[in-house]
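In: sequence first, then the predicted structure, then my questions.
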Amino acid sequence: MEKAKSHTVHTFSKQRGIFKVVTQRYRVKGGTKGGRTQNVDISQRSCTCGKWISHHLPCSHVMAGCLAENLDWKKWIEPYHYSSKLHKLWEPIIYPLDPTECWNYVLPVQWQRYGKLVPDEGCRKIKKKRGDKGESVRIRTEMDQSRSGIKCSRCHQQGHTKRSKLCPLSSSAV
């Protein structure tokens, strides 16, 4: 409604409900918006923006034209948008549920048998304290396991790193 009040309306035919509506120009980051012209024909239920036809609700251009000519824009809302019509539409289809005691469907799992559910402590994250070199906070899965193990970047053998004394090419071994 506020948006419709900012539009400029030029009436071409009050009897047929034909208006030319110019939207207000305003600044946005990187330029301006608005300043577009839309043609409204109330008798045909059309606006060149296309929103009235697609949503079956009057767009801001229709509202602006109706406000300029003291017409009730609410009468152009399709009746199925009103909540009273929606309630009547769904009333014969939706029924209230009976209390659970009256259900003759037995739940597949009987929760009383299991008692209180206790979470698996092994799946919890271990919180690290500052300076603590305990276990990792991350929960590891089978996707985290490396396929090749440790490999030396100097001699390209498996089982040690370039800093290790096991590397035949390390400076301490030479």
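Out: Ah, there it is. Nothing here was measured: the structure is a model prediction, and the numbers come from that model.
In: so where's the chain shaky on pLDDT?
Out: Scanning the chain with the threshold set as pLDDT under 70 gives 1, 105-117, 125-139, 142, 144-148, 172-174.
In: would you map the strands across it?
Out: Listed in chain order, the strands of the chain (DSSP state E) span 8-13, 18-22, 26-28, 31-33, 37-41, 46-47.
In: dump the ones you listed into CSV; add mean neighbour count and distance to residue 62 as well.
Out: All C-beta spots, glycine's among them, are computed from the backbone N, C-alpha and C. Formatted as CSV, these follow (neighbours: other Cβ atoms under 10 Å; distance: least, Cβ to Cβ, whole Å):
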stretch, mean neighbour count, distance to residue 62
strand 8-13, 13, 10
strand 18-22, 20, 8
strand 26-28, 9, 21
strand 31-33, 9, 20
strand 37-41, 19, 6
strand 46-47, 18, 6
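In: residue 102: which of the ones you listed is closest?
Out: Closest approach to residue 102 among the strands of the chain (Cβ to Cβ): strand 46-47, 52.8 Å.
In: show me what the closest one is packed up against.
Out: strand 37-41, helix 51-55 (3 or more Cβ pairs under 8 Å, 6 or more residues apart in numbering; DSSP states H and E).
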